[in-house]
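Predicted coordinates and the sequence they were generated for:
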Amino acid sequence: MLEIANHKSSLAKLMAEENILVEQKAVPTAYFDTAKRVLTLPLLKEDLSVDVTDLLISHEIGHALYTPHDKWVDYLSKIRTSIINMVEDARIEKLIKRKYTGLRPLYYRAYKELNQKDFFGLSKMDLCSLNLADKINIYFKVGLHTEIKFNEE
């Protein structure tokens with residue numbers, strides 16, 4: 001497992017096009033610190049597929065490449081954090097898939113797998129009753145794998 005972690009660390013640095021620090025910790029999800037340039041990954045589990053691991057890494061690399069720290073801090077002070085996070089995640093995923101076009105099928109497979117494992121807890125939700133922001137978030141993550149519907153309103 002350590003060898004895989006080292007390979008993933010090298011992959012992350014290459015994709016980020018800089019010598020970011022990549023660390024693994026007992027954290028619930030991956031994240032990228034835009035100020036300190038640190039990518040933190042959760043401890044890789046045996047049941048986590050390569051696709052899901054690569055999705056987590058490439059998503060955070062999207063933040064490394066496309067989320068400017070100074071503007072990010074400014075946005076967070078003016079707009080609800082959860083809304084900014086959703087919009088930023090959709091934006092950087094679109095950009096990272098444009099930069100590395102081989103990620104497109106990987107994202108499709110990884111989000112399909114996460115949806116099948118009920119990672120987002122959608123089986124316990126009434127998707128029709130979700131607010132617009134939550135519907136948009138789910139649509140951009142697993143929209144092709146679930147029945148998210150939007151009405152005229």
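Great, that's in hand.

which residues of this structure score low on pLDDT?
1-5, 44-46, 71-81 (pLDDT under 70).

tell me the strands in it, going along the chain?
With DSSP state E as the criterion, the chain has strands at 21-25, 31-33, 38-42.

Can you name the residues that contact the most centrally placed residue in the chain?
The residue lying closest to the centre of the chain (C-alpha atoms, centre = their mean) is residue 59, at 4.2 Å. Applying C-beta atoms under 8 Å, 6 or more residues apart in numbering, we find residue 59 in contact with 30, 89, 92-93, 96. Bear in mind the C-beta positions are built from the backbone N, C-alpha and C, glycine included.

want to throw those residues into TSV with neighbour count and distance to residue 138?
Putting the contacts of residue 59 into TSV (neighbours: other C-beta atoms under 10 Å; distance: C-beta to C-beta, whole Å) gives the following:
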residue	neighbour count	distance to residue 138
30	17	19
89	17	12
92	21	17
93	20	14
96	21	19
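
So which of the residues you listed belong to helices?
In this view, those that belong to helices under DSSP state H are 89, 92-93, 96.

Residue 67: which of the strands of the chain is closest?
strand 31-33 (7.6 Å; C-beta to C-beta).

Show me what that closest one pairs with in its sheet, parallel or antiparallel.
Strand 31-33 has its sheet partners listed here by DSSP bridges as strand 38-42 (antiparallel).

Thanks again, I'm all set now.
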